[in-house]
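>>> missing the sequence, but the structure's below:
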């Protein structure tokens, strides 16, 4: 019997290096804790601090039963003590491990103490710390099927499938290997109906651990139709078995969900599932859940997967480590293809305390745990043995390790439920290219420019983009102009226009979409990343990454809609989206972008058409998948209409100018044992205040606040506090429902939680409105200074009224936002006196920091000086 063992744990955090004896003397200092648990997320200011965490519990044991603990994930370098004795250890912080504690227990009550030893840096991202996934307690008879001891493979034969099932049995003695032990298999469809399966047993296969069956014409699994079956594996032992006798009961029953799919990788034409061509519309993910840290929660993860699926995602690259088993279950159910990845480093480390220090002694155990656990998941179609592995580049040892790890994977998945690959950023060089033929599939990180050349040179290679995009963006933040690549800014944010381009990233969102779309031989791509994650805050040194299409709070960035327009059929979910929001300086030139999955879009400003554009979504049709407009700002309404081929409006959207925050709206979403409450600022007319940064306090009724997030990488207010600023007009509150356990141990929700937000008084500036005081000519939103009018005054008005304007700062910048000597500025309170010094274009910028170390608000106007006197 296998049962969840997450209840009644106690926890103590101690300095790194604390011993068992030292911890055991402090049993009275342990506090109650909920498993899964991430002790690191409690303190936003200390997300990478060395420590040893101790977890204490007790359990009952009976004589003549074998006892095992199954830990789905402990970060990291853990040791398990039973009744004061070291029962086992596990070095990896991500993979599942099974511990036989039979020899350490006594009849009655037993003590378990688990140590998680964390030293940093141990990864390039936020790892979390502690027992952050489920714990299971298994008790078996002497003869049993071990954890992950069932292996299932199906292959198509005509309209039927051959189903091969291998079942390991532990505890057998040679004398009874074929006596009084029997494994029975039954197959059920989604409606619970038993499906006939016909045995196919050759004479030399008549052993109890291996069976072959024919399944006639089953419904097939695919991303668009993820049909699953339940395989029942029953173990009988110790009696004369008569499975037709209803009074004969199995000593162990295991359920394995399986799907029937016929998958084919073609080196010239790409990927086929059940003979239908499919492109990988994939994203990479890291394992944290934002404000929840890495403590796994199925409801929170399901919410993320639903959001991604609505964007058109059909494949997940689970980077760069083994994920919670529930993620694979959901992928099976929802129809995601999964590229499962285990290692970010081999023998050569990337950080001081990563898995490289354990690799030589532990890689076999790591691969065995990883592959055996996930090999029956229908969603898993590729195994990645490493991400950006320097070993494969630096010398020939990388080739040796590639072969060793590939063979280890195949040892545990000999029938190739998944093909072996890696994710390489070294494919430009010889050593990595020598590794490629040893793999089933060749993954490229940010090397799309090599695809065609290397496909021509190596036509047998099966190629895909294991990691692409890496365009950084902050939700609701826009740095102009669009045609300048602005990677760093004084606000420590990245532009959501799509013009924050890293050195290694795609050239643009359009290029990233269309280049892969138009290469038939490429299987597809995995974008970096679906969600922002804590850590790796390129290009700054802030809290979380900027790579995601969705921020850590679960709010969509504009890039989400760009990819949705490419990946979601307009017949299924037609839409149109405008960005940026509509609140700028009167007369300011604003780059406006419109995306849709329909073929035509038109933009209107206060009812006036600004032009209709055709979008090119078909393969080979071109890169014009975003309609761009240069618009002179005027208060009012931007409206976009999207048309089908017949000229009919199928989708519309509006963005309106807005005033200061008047109220807070709350919308809630149920997610299992959690409630996600989105808080949005609205003005007195009910319009979203899309740059609001008000401080908000929340009160929770009938639940417990477990997370408060706004997606802002520069915000270090606690994820667990009841106050936080809005960022770009929004924040997210995560509430755990109140519940009790019934007699069977199931949770019963007592009442529906309620989140009540309130605005806190404050003096922060939301926005700055700039106004040229003198009459000055303009040219397409650019104010012109001439020899006769080379000095002008610009006033700055802050909102909301009464905000603290004491730290306003004016700057003169070039068009690419560098320093320039074309003009100079003198500040007089909230006024800027601007003087042209030479010919050229420049920008007047007004910044406010709201008391922070970095800029929080930016407002700009464009200028040019012509025929001025040289200074």
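Received, thanks. Small disclaimer: the values here were computed from a predicted structure and weren't measured.
>>> Report how many residues lie close to the closest residue to residue 777 other than its chain neighbours.
In space, and not counting its chain neighbours, residue 777 is closest to residue 784: 4.9 Å by C-beta to C-beta, 6 or more residues apart in numbering. For the C-beta atoms, the positions are set from N, CA and C on the backbone; glycine is no exception. Neighbours of residue 784 under the rule other C-beta atoms under 10 Å: 14.
>>> Which neighbours in the sheet does the helix or strand where residue 784 lies have, and how are they oriented?
Element membership for residue 784, per DSSP states H and E: strand 782-785. Note on strand 782-785: by DSSP bridges, its sheet partners are strand 778-779 (antiparallel), strand 857-865 (parallel).
>>> Quick one: the strands in the stretch 601-750 of the chain, in order.
Under the criterion DSSP state E, counting those that start in this stretch, the stretch 601-750 of the chain contains strands at 608-614, 627-632, 637-643, 649-656, 663-671, 674-682, 695-701, 703-709, 723-725, 730-737, 739-741, 747-749.
>>> closest to residue 138 out of these?
Residue 138 lies closest to strand 739-741 among the strands of the stretch 601-750 of the chain, at 20.8 Å (C-beta to C-beta).
>>> Against residue 132, how distant is the residue positioned nearest the centre of the chain?
Among the residues of the chain, the one closest to the centroid is residue 285, at 3.2 Å (C-alpha atoms, centre = their mean). In this view, residue 285 and residue 132 are 16 Å apart by C-beta to C-beta, to the nearest Å.
>>> Give the full set of residues in contact with residue 339.
The contact partners of residue 339, by C-beta atoms under 8 Å, 6 or more residues apart in numbering, come to 282, 315-318, 381-382, 384, 421, 466, 526.
>>> So which of those is surrounded by the most neighbours?
residue 466 (32 neighbours).
>>> The helix or strand that contains that one - what's its average pLDDT?
Residue 466 belongs to strand 463-469 when assigned by DSSP H and E. Averaged over strand 463-469, pLDDT sits at 99.
>>> residues in contact with it?
267, 280, 284, 317, 319, 339, 384, 387, 421-425, 441-446, 448, 451, 454-455, 505-506, 509, 512, 516, 521-528, 547.
>>> In strands, which of those residues appear?
280, 284, 317, 339, 384, 387, 421-424, 442-445, 524-528 (DSSP state E).
>>> Surely residue 82 touches residue 106?
No: contact criterion C-beta atoms under 8 Å: residue 82 and residue 106 do not qualify, at 9.5 Å.
>>> Looking at the two now, which is surrounded by more residues?
Each of residue 82 and residue 106 has its neighbours counted (other C-beta under 10 Å); residue 82 has more, 24 against 10.
>>> backbone phi and psi for the more buried one, please?
phi -120, psi 120 (degrees, to the nearest 10).
>>> how much space between it and residue 66?
14 Å.
>>> Could you list the domains of the protein?
2-140, 150-258, 263-567, 576-656, 663-759, 767-865 (automatic domain parsing).
>>> Of those, flag the one that's most buried.
Highest mean neighbour count among the domains of the chain (mean count of other C-beta atoms under 10 Å): domain 263-567, with a mean of 21.
>>> what about that one, how long is it end to end?
Distance between the two ends of domain 263-567: 21 Å, counting by C-alpha to C-alpha, to the nearest Å.
>>> and if you look at stretch 580-587?
16 Å.
>>> same thing with stretch 444-462?
End to end - C-alpha to C-alpha - stretch 444-462 spans 11 Å.
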